[in-house]
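# Dropping the sequence and predicted coords here.
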Amino acid sequence: MKHIMLVSAALLLFAGCVGPMPSATVTTANPVWQTYFKIAYDVENRGEQRKISGYVINEYGAAMSSVQVLAQALDASEQVLAQKIVYLPGVLPGFGRSYFEVGGLPPAPNYRVTVWSFDRIESDGKFPR
């Protein structure tokens, strides 16, 4: 019985750490992303699949790390047909931009791209000499 309680407690703890999952209504883990970023993208036909490529533009002076982009294929009623999350490579500098690609999405009437999550790199207040 003790073992079952420990396993149950561990599963509940893990479930609480996972955070929100992307859906038609949950398109970001950080609702203020639009304060920091703009996204420009195109959808390219690749036979039976689509590729979304573009740039995440950092409109904030601080560098960002661990930036994740959520790309969603949507039906006519804005329901999610498919979705993928990809990391941007490296650090996105303040006022910089970074290229991304998300392949393997199905044909759809609409697509949506958002910043799923990111970490802001805070300055230590020291300036280089």
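Great, that's in hand.

# where in this protein is pLDDT low?
Applying pLDDT under 70 to the chain picks out residues 1-18, 124-129.

# mind running it again at 80?
Filtered on pLDDT under 80, the chain yields the residue ranges 1-19, 123-129.

# Tell me where it has strands.
Along the chain, counting by DSSP state E, strands occupy 37-46, 49-58, 64-74, 80-87, 97-105, 110-120.

# Quick one: list the elements packing against the third one.
Packed against strand 64-74, as judged by 3 or more Cβ pairs under 8 Å, 6 or more residues apart in numbering; DSSP states H and E, are the following elements: strand 49-58, strand 80-87, strand 97-105, strand 110-120. In this view, the C-beta of every residue, glycine as well, is placed from N, C-alpha and C.

# These: which one's closest to Pro31?
Proximity to Pro31, assessed across those by Cβ to Cβ, is greatest for strand 110-120 (10.2 Å).

# what's the closest one in contact with?
Identification of contacts with strand 110-120 by Cβ atoms under 8 Å, 6 or more residues apart in numbering yields 22, 27-30, 33, 36-37, 39, 41, 43, 50, 52, 54, 56, 60, 62-76, 78, 85, 92, 102, 105.

# Pull out the buried residues from these.
22, 27-30, 33, 36-37, 39, 41, 43, 50, 52, 54, 56, 63-64, 67-74, 92, 102, 105 (16 or more other Cβ atoms under 10 Å).

# Report the separation between Gly54 and Tyr36.
In this view, Gly54 and Tyr36 are 16 Å apart by Cβ to Cβ, to the nearest Å.

# Over to Ala71?
Distance from Ala71 to Tyr36, counting by Cβ to Cβ: 18 Å.

# cool, Pro93 as well?
Distance of Pro93 to Tyr36, given as Cβ to Cβ: 12 Å.

# what is in contact with those two at once?
Counting by Cβ under 8 Å, 6+ apart, the shared contacts of Pro93 and Tyr36 are Asn58.
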